[in-house]
Each structure stands twice: as C-alpha cells, then as structure tokens.
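**Student:** after the sequence you'll find the predicted model.
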Amino acid sequence: MAINGTPAKMNVHGQFEKLPMNEIAAKMNIPGRLERLPMTSYQRKLFTIIATAWLADQMDVALLSFLMGSLAAYFHLNLVQIGLLASMTYAGQLVGNVFVGVASDRFGRKVTFQVSMIIWGLASFGAAGAWSVASLMVFRLLIGIGVGGEAPVAQALVSEFVPANVRGKYIAFMEGFWAVGYVLSGAIAYFLLPRVGWRWVFVVVGLLSIIIFVVRRHLPESPRWLADKGRFEEADVILTGIEKEIVKRTKQPLLEPKPYQAEHITNKNCILTLFEKVYIKRTLMAFSLWFFALLGFFGLSSWITVLLNAQGFSIVKSVGFLTLITTGGIPGFFAAAYMLEKIGRKPTIIFFLLMSAVTAYLYGHAANFNILFITGFIMQFFMFGMWSCLYAYTPELYPTHARSTGAGFSSAFGRLGAISGPIIVGYVVNTIGQSGVFNLGAISFVIAALLVLFLGMETKGLTLEEISR
C-alpha cells in the first residue's frame with residue numbers, strides 16, 4: 001500500500017507495523033489531503049445532508065416562538081410560566097451541547113449526529129400529545145437536548161470536511177438553513193394553527209425526523225477525527241473514497257497534498273484542553289460571547305409574538321408578521337458568509353453584533369406599524385447573520401480532539417444566556433415595560449462585540465492545524 005506515493009510498512013494482517021503515532025500521522029497526512037481537495041458536488045452533497053438536518057432541527061426549536069400565543073391561551077399561562085416554558089428548550093440545548101459535544105469527540109461524529117436526531121424527533125411527537133404544561137415542558141426539554149447535541153457535531157463535521165479557504169463561508173451557509181427553517185416553521189404554524197391547532201404543527205415537524213434519519217445514513221465519519229483517534233486505516237479508506245469521487249467529478253488529477261502539519265496537543269483530555277494556556281483566552285472569549293449574544297437574541301425572539309399580542313395583534317396576525325420580518329434573516333446569512341471570507345472573522349462578527357444592537361433598539365422604539373416592520377426586517381437581517389458568525393468562528397478555535405467539546409461548551413454558555421433571557425424579560429416587562437426588553441437586547445449585543453474586539457483572534461484563511469498553534 002502506498003500513501004501519497006510513499007510506500008508504507010505493512011504486516012501480514014494489512015496493518016501498519018508499530019511505528020510512532022506521529023510518523024504514521026505524517027505518512028497518512030489526512031489534513032493535507034483534505035485541504036488540497038477542490039469543492040465539488042460531492043462535498044456539497046455532504047454539506048447538504050448536514051445543513052438540511054439543521055433546517056429541520058431549527059424548525060422544531062423555532063416553533064415555540066410561533067406557538068407561544070396559542071399555548072399560553074390553551075394552558076392559561078401567566079407571564080412567568082411563559083418564560084419558564086420558553087426556557088425549557090434552552091435548558092435542554094445546554095445539556096445537549098455539553099454531553100453530546102463531548103460524546104462526539106470521544107465516540108465519533110456520525111453516531112452522535114444520528115442519536116441526537118432520534119431524541120428530538122421522538123420528543124416532537126411527544127410534545128404533540130402533551131396533556132399538561134408540565135408534560136410539554138419535559139418534551140421541550142428533550143427536544144432541546146437533541147437539537148443542542150446536533151449543533152457542535154454539525155459545526156465539527158463541516159469544519160473538518162471543508163478546506164480552509166471556504167470553511168467559514170460554508171458554515172455560514174449552513175446557518176442560512178436556520179433562517180429558512182425558522183421561516184418554514186412560521187409558515188407551517190400560520191397555515192395549520194387556525195385549521196387543526198397547535199398539536200398537528202408538532203406532528204408535521206416530527207415527521208421530518210424520519211426522512212432525516214434515512215438521509216443521514218449516507219454521511220461518512222470524519223477522516224480528521226478518525227486519524228486523531230489513531231484509526232488511520234479507517235480514515236484512509238474514507239478519504240480515498242472521497243478522493244476518487246472528486247476525481248470522477250472533476251476529471252482532473254488531484255494536486256499534491258498540502259504539507260503535513262500536526263495540531264498543538266499537550267494532553268488528550270477534551271475538556272482540560274479548553275483551559276490550557278494556548279486556548280484559555282479563546283475559551284473565555286467564546287463562552288462569554290455566546291452568553292451575551294444569545295441572551296440578547298432569545299430574550300427578544302421568545303417574546304416578540306406575546307408583545308405583539310399585547311399591542312393588539314391577533315395570534316394569527318402576529319405569527320404572520322413575525323414570519324415576514326424573519327425572511328430578512330435569509331439574506332443576512334449570505335451577507336455574513338461573504339464577509340467572513342472577504343474581510344475576516346473579527347470585523348464581520350463585531351459589525352453584525354453592533355448592528356443587531358442598533359436595530360433592536362430602534363425596533364423597540366418604533367412609532368408606527370411601518371417603522372416596526374422595516375426595523376424588524378433589518379433587525380432579523382443582522383441577528384441571523386450574527387448566528388452565522390458564531391457558528392463559523394467557534395469550531396475553528398479548538399483542535400480536532402476537542403472541537404465538538406469546545407463548540408458544545410461555548411453553545412452551552414449561550415444556552416445559559418438563552419435560559420436567562422426569556423425569564424429576565426418577563427420581569428423587565430412587568431417593571432420597565434416593552435421598551436426595556438429591546439434595550440436589554442441592545443446592551444447584550446454591544447458587550448458581545450467588545451469581547452470579540454479585545455479577546456478574539458483572526459482565523460481567516462488558516463488551516464485548523466495552524467489555528468491550533
């Protein structure tokens with residue numbers, strides 16, 4: 001057997017002789033082989049498998065924003081109960097972010113991706129049959145665990161399959177499916193709510209899990225993860241198959257692999273790695289960035305329909321209004337994807353966070369319906385673009401053996417912000433009024449921008465191995 005044209009020592013069982021791990025890794029050069037691959041329809045197919053699953057997941061999460069008015073009326077919820085119900089999903093996401101993120105680094109990307117999907121799919125059907133607010137909270141908690149578990153795995157998969165020159169763009173594009181899922185969720189709620197009620201909305205979204213389960217079976221394991229675990233032959237088999245597919249599509253020979261680069265590793269404990277000297281500053285920045293960004297986003301989004309109801313909008317009209325302004329998020333994702341690769345991660349993240357702050361403030365102080373719609377549309381443009389930035393940036397900051405863990409823990413701190421947001425907003429509305437909600441969101445976004453400015457590092461154009469140093 002030859003690796004990159006270099007004969008490799010093999011024994012009669014077809015395995016490498018007991019060479020040092022670093023020598024085998026250099027011979028295999030999995031990162032260098034991945035980085036030299038041009039983007040083709042094959043990688044885009046893999047990307048779509050991951051991204052469409054993301055779309056379905058976020059449809060499930062977004063449902064609560066559109067159904068909260070109906071659920072509040074059906075279960076006779078007060079303001080505090082509304083906040084607690086909204087927070088259940090985020091509490092579940094926190095659990096999923098941490099435990100599934102760690103599991104992904106230990107047991108593999110593919111299996112954890114499937115298991116997390118099964119959890120949220122079954123919980124969606126459970127939510128459709130909820131018999132009390134307590135049971136609905138439990139099912140929303142489980143939905144959050146499944147969806148939260150998928151986030152760090154999806155980030156790691158796209159980061160590890162896509163070459164450095166387009167990595168940020170494609171992760172941002174993946175987040176674009178979040179906006180599409182959000183809009184589709186609103187459209188489903190808009191058409192089904194007045195006809196068959198909120199239970200069937202959960203059923204329709206849950207049915208998507210069956211389709212996703214079948215599609216996801218064709219997703220290969222990450223060669224980078226396999227190589228990091230010392231499973232070099234499995235990594236080589238998968239990557240060789242990918243290389244053959246790309247040659248078949250391009251009808252061109254592959255370029256020489258990029259020079260081998262080892263990641264900076266001092267220990268293999270995925271949690272302790274986050275707090276090593278080389279990563280501690282990144283970790284403090286990422287954890288705090290996610291907390292304040294999500295506190296602002298979910299503090300606003302979870303209450304928008306309720307606040308619109310208070311202004312005289314009917315439930316159906318408020319859902320329709322929110323669906324329309326949310327379409328502004330779709331171009332926001334694509335703008336962020338372009339800017340991440342064009343001008344860099346730090347300036348793009350700071351720009352979208354600051355503009356989210358400005359537009360949130362303007363939205364909260366809109367004088368009439370027209371201004372409310374315009375500022376709401378622009379606010380969604382920047383807030384959804386902000387999501388692209390967060391998900392593109394975070395997995396780049398950590399090495400392969402801790403990538404899902406770092407992304408998961410960062411997201412978990414974001415969920416703490418998401419849990420806090422709706423609850424804090426409930427009290428803010430009672431004491432300060434509606435405008436205070438949007439002031440709170442604006443302040444949160446400004447703090448997040450300052451964290452990136454002073455503690456963030458630029459990763460544009462660097463390979464994952466280079467960033468690890």
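**Tutor:** That came in fine, so what should we check first?
**Student:** in the helix or strand hosting residue 122, which residues are buried?
**Tutor:** Secondary-structure assignment from DSSP states H and E places residue 122 in helix 109-128. Across helix 109-128, burial judged by 16 or more other CB atoms under 10 Å covers 109-110, 112-117, 119-124, 126-128. For glycine as for every other residue, the C-beta is placed from the backbone atoms N, C-alpha and C.
**Student:** quick one: list the elements packing against it.
**Tutor:** Applying 3 or more CB pairs under 8 Å, 6 or more residues apart in numbering; DSSP states H and E, one finds that helix 109-128 makes contact with helix 41-75, helix 79-107, helix 133-161, helix 198-216.
**Student:** state the distance from residue 144 to residue 102.
**Tutor:** 17 Å (CB to CB, to the nearest Å).
**Student:** typo on my end, it should be residue 118
**Tutor:** As judged by CB to CB, residue 118 and residue 102 stand 18 Å apart.
**Student:** please apply the same query to residue 120.
**Tutor:** On the measure of CB to CB, residue 120 and residue 102 end up 18 Å apart.
**Student:** for residue 420, same thing?
**Tutor:** 23 Å.
**Student:** let's check: the centremost residue of this structure is which one?
**Tutor:** Central residue of the chain (CA atoms, centre = their mean): residue 151, 4.3 Å from the mean position.
**Student:** tell me which element the nearest residue to that one once chain neighbours are set aside falls in.
**Tutor:** Residue nearest to residue 151 in three dimensions, not counting chain neighbours: residue 411, with 5.4 Å by CB to CB, 6 or more residues apart in numbering. For residue 411, the enclosing helix or strand under DSSP H and E is helix 403-431.
**Student:** the lowest-mean-pLDDT helix or strand in the chain: what's the following helix or strand?
**Tutor:** Every helix and strand of the chain was ranked by mean pLDDT, DSSP states H and E. The lowest is strand 6-7, at a mean of 38. Downstream of strand 6-7, the first helix or strand assigned by DSSP H and E is helix 21-28.
**Student:** and the helix or strand just after that following helix, what does it pack against?
**Tutor:** Using DSSP H and E, the helix or strand that follows helix 21-28 towards the C-terminus is helix 30-35. Judged by 3+ CB pairs under 8 Å, 6+ apart, helix 30-35 is in contact with helix 223-228, helix 232-250.
**Student:** so what secondary structure elements neighbour the shortest one?
**Tutor:** Meaning helix 223-228. helix 30-35, helix 133-161, helix 232-250.
**Student:** how about 6 Å then?
**Tutor:** In terms of contacts (3 or more CB pairs under 6 Å, 6 or more residues apart in numbering; DSSP states H and E), helix 223-228 is packed against helix 30-35, helix 232-250.
**Student:** mind exporting it as CSV, just the C-alpha atoms?
**Tutor:** Output of helix 223-228 as CSV, limited to C-alpha atoms (Å, rounded to 0.1, in the frame of the first residue of the first chain):
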residue,chain,number,x,y,z
PRO,A,223,-11.3,11.3,8.5
ARG,A,224,-9.8,14.0,10.7
TRP,A,225,-11.5,12.6,13.8
LEU,A,226,-10.5,9.0,12.9
ALA,A,227,-6.9,10.0,12.4
ASP,A,228,-6.9,11.9,15.7
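**Student:** what would the helices and strands packed on helix 109-128 look like in CSV with distance to residue 178?
**Tutor:** Output for the helices and strands packed on helix 109-128, formatted as CSV (distance: least, CB to CB, whole Å):
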stretch, distance to residue 178
helix 41-75, 5
helix 79-107, 13
helix 133-161, 10
helix 198-216, 14
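**Student:** please name whichever of those helices is nearest to residue 407.
**Tutor:** helix 133-161 (3.8 Å; CB to CB).
**Student:** show me the shaky parts of this structure.
**Tutor:** For the chain, the stretches with pLDDT under 70 are 1-19, 53, 179, 266-267, 302-320, 433-435.
**Student:** residue 166: how many residues sit nearby?
**Tutor:** By the criterion of other CB atoms under 10 Å, residue 166 has 15 neighbours.
**Student:** assumed it was part of a helix.
**Tutor:** Yes - judged by DSSP: H, G, I helix; E, B strand; the rest coil, residue 166 forms part of a helix.
**Student:** show the contacting residues for it.
**Tutor:** By CB atoms under 6 Å, 6 or more residues apart in numbering, the residues touching residue 166 are residue 39.
**Student:** please apply the same query to residue 429.
**Tutor:** Residues near residue 429 by CB under 6 Å, 6+ apart: none.
**Student:** how close does it get to residue 439?
**Tutor:** 12 Å.
**Student:** got it, and residue 82?
**Tutor:** Taking CB to CB, one finds residue 82 at 20 Å from residue 439.
**Student:** what of residue 63?
**Tutor:** From residue 63 to residue 439 the distance is 27 Å (CB to CB).
**Student:** so which of residue 82 and residue 439 has more stuff around it?
**Tutor:** Between residue 82 and residue 439, counted using other CB under 10 Å, residue 82 has the larger neighbour count: 24 against 16.
**Student:** for the closest residue to that one other than its chain neighbours, the count of nearby residues, please.
**Tutor:** Leaving aside its chain neighbours, residue 82 sits nearest to residue 72 (5.6 Å; criterion: CB to CB, 6+ apart). Residue 72 has 20 neighbours, counted by other CB under 10 Å.
**Student:** repeat that for residue 461.
**Tutor:** Residue 461 has 13 nearby residues by other CB under 10 Å.
**Student:** where do the helices of the stretch 251-400 of the chain begin and end?
**Tutor:** 270-273, 277-301, 304-310, 315-326, 329-342, 345-364, 369-393 (DSSP state H, counting those that start in this stretch).
**Student:** quick revisit: mind listing residues that contact the helix holding residue 122?
**Tutor:** Residues outside helix 109-128 that contact it (CB under 6 Å, 6+ apart): 60, 100, 103-104, 139, 142-143, 145-147, 149-150, 153, 156-157, 199, 202-203, 205-206, 209, 212, 216, 219, 221-222, 225.
**Student:** can you tell me which of those are buried?
**Tutor:** Among the contacts of helix 109-128, the ones that count as buried (16+ other CB under 10 Å) are 60, 100, 103-104, 139, 142-143, 145-147, 149-150, 153, 156-157, 202, 205-206, 209, 212, 216, 219, 221-222, 225.
**Student:** skipping adjacent residues, who's closest to residue 52 in space?
**Tutor:** residue 177 (6.7 Å).
**Student:** that neighbour: which element?
**Tutor:** Using DSSP H and E, residue 177 falls in helix 167-196.
**Student:** for that helix, name the packing helices and strands.
**Tutor:** Counting contacts by 3+ CB pairs under 6 Å, 6+ apart, helix 167-196 is packed against helix 41-75, helix 133-161, helix 198-216, helix 315-326, helix 329-342, helix 369-393.
**Student:** buried deepest among these, which one?
**Tutor:** helix 133-161 (a mean of 25; mean count of other CB atoms under 10 Å).
**Student:** chain center to that helix, what's the gap?
**Tutor:** 9 Å (CA atoms, centre = their mean, to the nearest Å).
**Student:** list the helices and strands it packs on?
**Tutor:** Counting contacts by 3+ CB pairs under 6 Å, 6+ apart, helix 133-161 is packed against helix 41-75, helix 79-107, helix 109-128, helix 167-196, helix 403-431.
**Student:** could I get these as JSON lines with distance to residue 254?
**Tutor:** Shown next, in JSON lines, are those (distance: least, CB to CB, whole Å):
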{"stretch": "helix 41-75", "distance to residue 254": "13"}
{"stretch": "helix 79-107", "distance to residue 254": "29"}
{"stretch": "helix 109-128", "distance to residue 254": "24"}
{"stretch": "helix 167-196", "distance to residue 254": "19"}
{"stretch": "helix 403-431", "distance to residue 254": "25"}
